[in-house]
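*Asks:* Sequence and predicted structure, then a few things I'm wondering about:
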Amino acid sequence: MNRFVSQLAVSLLGIFLLLASFQGVTSASGQENGFLQGEASRSHDDGTVEPDSEHSHVSLTEKQKKRLAEIHRRLYEDHVKLIELYAEYGLITEQTKQKKLKRLEEHYKRKQQNDYLPCWHKKGEKPRGSDDSREEMTQKP
């Protein structure tokens with residue numbers, strides 16, 4: 001019986017330490033719910049948090065835009081390579097490959113048009129400066 005109690009105590013202590021260290025990591029990083037704690041945000045009744053719309057009007061310097069452009073270009077090229085490998089290995093069809101590449105290129109162009117700023121809109125809303133091309137893609141023939 002003493003052995004069982006001591007094992008239980010050690011297990012509970014381990015769980016407590018694990019949870020305490022997890023709390024320390026989130027508070028040390030200053031991040032909660034995906035946003036920095038000092039950042040202006042809105043909380044909703046369902047517990048989700050979204051940044052204020054003021055963040056969507058941030059202007060970047062040319063150096064920042066160039067750095068973001070380079071990272072997004074590399075991501076785009078790597079994603080293209082990945083899709084091509086999927087097709088080469090037979091994981092996706094050629095038709096699926098073409099659809100994915102077309103969608104990826106459109107997304108990359110939209111990112112360029114928005115100066116690589118993230119879109120803060122909710123799902124289902126139109127992003128800044130968007131046309132109806134997204135709606136055309138989602139409509140089934």
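*Replies:* Ah, there it is.

*Asks:* could you list every residue that touches Ala69?
*Replies:* Gln112, Tyr116 (CB atoms under 8 Å, 6 or more residues apart in numbering). (Glycine included, C-beta is placed from N, CA and C.)

*Asks:* So it, which state does it fall into?
*Replies:* Of the three states, Ala69 takes helix according to DSSP: H, G, I helix; E, B strand; the rest coil.

*Asks:* for this protein, which spans come out with low pLDDT?
*Replies:* 1, 8-9, 12-14, 16-58, 120-141 (pLDDT under 70).

*Asks:* go with 50
*Replies:* 25-40, 133-134, 136-138, 140-141 (pLDDT under 50).

*Asks:* Near His79, how many other residues are there?
*Replies:* Residues lying near His79 (other CB atoms under 10 Å) number 15.

*Asks:* my guess is it contacts Leu101, does it?
*Replies:* No - using CB atoms under 8 Å, His79 is not in contact with Leu101, being 9.0 Å away.

*Asks:* any idea how far Lys100 is from Pro107?
*Replies:* Just so we're on the same page, residue 107 is His rather than Pro. 10 Å (CB to CB, to the nearest Å).
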